[in-house]
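A.B. asks: this is a predicted model, with the sequence first.
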Amino acid sequence: MNAYSSYTDQQLTALLKEADDAAFTELYNRYWKKMLLVAWNHCKDKAQAEDVVHEVFLSLWHKKDQLDVQSIPAFLTTCIKFGVFKHYQREHKREMLALQNYKVNEATDDEEKLDALFLKEYIEGIVEQLPEKCRLTFQYSRIDGLSNAEIAEKMQISEKGVEANLTRALKVIKGNLKDSSLLLLLSAGVWKDIF
């Protein structure tokens, strides 16, 4: 048993940011089987699942210095889902290109719909990891469309408390999106009403 196996995920993440390859190896050993199961559950293809897991861990190593995550398992799971989604998106594009009557506008619309659907699921995954008050504030505001005053009354907190929780939630979401380069989708206008 190596010394790294007793470290918490947070300790390993901190070491990973310093390019500690042993910390990376420990995270890999700790989570690759679970991530393989997540990938397989989404694509039902062992080879594809292995490719996605490999790509996610490779990306984790390459972006280690930018890493700012609260929960490694949640982060990896979301990245796996995104990897599977991208695989299906690439396959969908190949199928569309093979059709004789391929129309660029329709494909673009389909791609935007897929991006919006994935982004919505991705953000919901991030929101689920937020502390309870932050999560509820975000859901009441951005999903249920309640005003800050209505949220304050419902949660029995001040409007300033609502604003603080909402600001915190948006900061965490934007940080996670930035880490995974999904802010590009937002800047393209997909699901922009969240922000």
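C.D. replies: Looks like it came in fine. Numbers count the residues shown, from 1 in each chain.
A.B. asks: now the helices for the protein?
C.D. replies: For the chain, the helices defined by DSSP state H cover 9-17, 21-43, 46-62, 72-98, 104-128, 132-138, 148-155, 159-179, 183-187.
A.B. asks: how about the second one: buried residues?
C.D. replies: Just to be clear, that refers to helix 21-43. By neighbour count on 16 or more other C-beta atoms under 10 Å, the buried set for helix 21-43 is 23-24, 26-27, 30-32, 35-36, 38-40, 42-43. Every residue, glycine included, has its C-beta placed from N, CA and C.
A.B. asks: buried deepest among the helices of the chain, which one?
C.D. replies: helix 132-138 (a mean of 19; mean count of other C-beta atoms under 10 Å).
A.B. asks: now do that one: which elements does it pack against?
C.D. replies: On a contact count with 3 or more C-beta pairs under 8 Å, 6 or more residues apart in numbering; DSSP states H and E, helix 132-138 meets helix 104-128, helix 148-155, helix 159-179.
A.B. asks: quick revisit: for the helices of the chain, which one sits closest to Ala3?
C.D. replies: Closest to Ala3 of the helices of the chain is helix 21-43 (C-beta to C-beta; 8.6 Å).
A.B. asks: specify the angle between the closest one and helix 46-62 in degrees.
C.D. replies: 140 degrees (axes from the mean of the first three to the mean of the last three C-alpha atoms, to 10 degrees).
A.B. asks: which outside residues touch helix 21-43?
C.D. replies: For helix 21-43, contacts defined as C-beta atoms under 8 Å, 6 or more residues apart in numbering pick out 2, 4-5, 7, 9, 11-13, 15-16, 46, 48-50, 52-53, 56-57, 60-61, 64, 72-73, 76-77, 80-81, 83-84, 87-88.
A.B. asks: need the CA coordinates for it. PDB is fine.
C.D. replies: In PDB, the C-alpha atoms belonging to helix 21-43 read as follows (Å, rounded to 0.1, in the frame of the first residue of the first chain):
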ATOM      1  CA  ASP A  21       2.300  12.000 -11.300                       C
ATOM      2  CA  ALA A  22       1.900   9.600  -8.400                       C
ATOM      3  CA  ALA A  23      -1.200  11.600  -7.200                       C
ATOM      4  CA  PHE A  24      -2.600  11.300 -10.700                       C
ATOM      5  CA  THR A  25      -1.900   7.500 -10.700                       C
ATOM      6  CA  GLU A  26      -3.700   7.200  -7.400                       C
ATOM      7  CA  LEU A  27      -6.700   9.100  -8.700                       C
ATOM      8  CA  TYR A  28      -6.700   6.900 -11.800                       C
ATOM      9  CA  ASN A  29      -6.500   3.700  -9.800                       C
ATOM     10  CA  ARG A  30      -9.200   5.000  -7.400                       C
ATOM     11  CA  TYR A  31     -11.700   5.900 -10.100                       C
ATOM     12  CA  TRP A  32     -11.000   4.300 -13.500                       C
ATOM     13  CA  LYS A  33     -13.300   1.200 -12.900                       C
ATOM     14  CA  LYS A  34     -16.200   3.300 -11.700                       C
ATOM     15  CA  MET A  35     -15.800   5.700 -14.700                       C
ATOM     16  CA  LEU A  36     -15.600   2.700 -17.000                       C
ATOM     17  CA  LEU A  37     -18.900   1.500 -15.600                       C
ATOM     18  CA  VAL A  38     -20.500   5.000 -16.000                       C
ATOM     19  CA  ALA A  39     -19.200   5.200 -19.700                       C
ATOM     20  CA  TRP A  40     -20.500   1.600 -20.400                       C
ATOM     21  CA  ASN A  41     -23.900   2.400 -18.900                       C
ATOM     22  CA  HIS A  42     -24.200   5.300 -21.300                       C
ATOM     23  CA  CYS A  43     -22.800   3.800 -24.500                       C
END
